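Trainee: Need coordinates for the below:
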Amino acid sequence: MVILKKVRGWISSIVIAFVLSLIIGIFIIQPYKVDGHSMDPTLQDNQRVFISKLSHTFSYLPEYGDIVIIDSRVNRNRTFMDDVMDNPVFQLFSNKDERTFYIKRVIGKPGDVLEFKNSKVYRNGELLNEPYIQETMSYTSDEQWVVPDNHVFVMGDNRNHSEDSRIIGFIPLNHVIGKKVL
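Mentor: Numbering: from 1, shown residues only. Below is the predicted model:
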């Protein structure tokens, strides 16, 4: 009888810990491992960071320069089940070959006009001061990018080796999973 009580106590403790870890990972904070070199020199490949998911939970608009985790599948709607399955507990069972989460820097917010001239980024006609860039960007375009409502424009710090909004397009706000905090 005493052993049965101890086993029940352990099982209930494990269930409570599991539920709390899910709640924390879905709504509050989550670890993330940088995969690739698109954020060099700011973040290195395999570096571990923590992301606050509060901006995603409460639909806050990220600030200019924030480093965010995005779901790059911009042509599909995200649901609550996506948030649940993004939890590290369930990622153990997901397809590791499918890279869907990118870490990038917010460059444009709704209504901003972005231009890429002379290997530089201009937002609303003003040259951006980007001290985190080490290499001159080789990308230029005659096109003006106007960020639509409820979207952001993101770029990697390693501009010449980054799959970002220039390629995948504008990022819907509900695809901004969280903001780097540590």
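Trainee: Could you pull up the contacting residues of the residue found closest to R73 once you drop the neighbours it is linked to in the chain?
Mentor: Excluding the flanking residues, the one nearest R73 by CB to CB, 6 or more residues apart in numbering is T100, at 5.6 Å. No exception for glycine: its C-beta is placed from N, CA and C like everyone else's. T100 makes contacts with 71-73, as judged by CB atoms under 8 Å, 6 or more residues apart in numbering.
Trainee: can you point me to the longest helix in the protein?
Mentor: With DSSP state H setting the assignment, residue counts place helix 2-27 as the longest helix in the chain.
Trainee: mean confidence for the top strand by length along the chain?
Mentor: When the chain is parsed with DSSP state E, its longest strand is strand 101-108. The predicted model assigns strand 101-108 a mean pLDDT of 94.
Trainee: which regions of this structure sit below the pLDDT cut-off?
Mentor: Residues of the chain meeting the criterion pLDDT under 70: 88-99, 182.
Trainee: Where does H56 sit, in terms of helix or strand?
Mentor: Using DSSP states H and E, H56 maps to helix 54-57.
Trainee: And what about the most centrally placed residue in the chain, helix, strand or coil?
Mentor: Nearest to the mean C-alpha position of the chain, counting by CA atoms, centre = their mean, stands I69 at 0.7 Å. With DSSP: H, G, I helix; E, B strand; the rest coil as the basis, I69 sits in strand.
Trainee: how many neighbours does the residue nearest to Q47 when sequence neighbours are not counted have?
Mentor: On the basis of CB to CB, 6+ apart, the spatially nearest residue to Q47 that is not a chain neighbour turns out to be V34, at 4.5 Å. Counted with other CB atoms under 10 Å, residues neighbouring V34 total 20.
Trainee: Could you pull up phi and psi at V34?
Mentor: Main-chain dihedrals, V34, degrees, to the nearest 10: phi -70, psi 130.
Trainee: Now the element after the longest helix of the chain, going C-ward?
Mentor: Past helix 2-27, heading to the C-terminal end, the next element that is a helix or strand (DSSP H and E) is strand 29-33.
Trainee: List the strands paired with the helix or strand following that following strand, with their directions.
Mentor: Per DSSP H and E, the first helix or strand lying C-terminal to strand 29-33 is strand 48-52. Strands that pair with strand 48-52, judged by DSSP bridges, come out as strand 29-33 (antiparallel), strand 176-180 (antiparallel).
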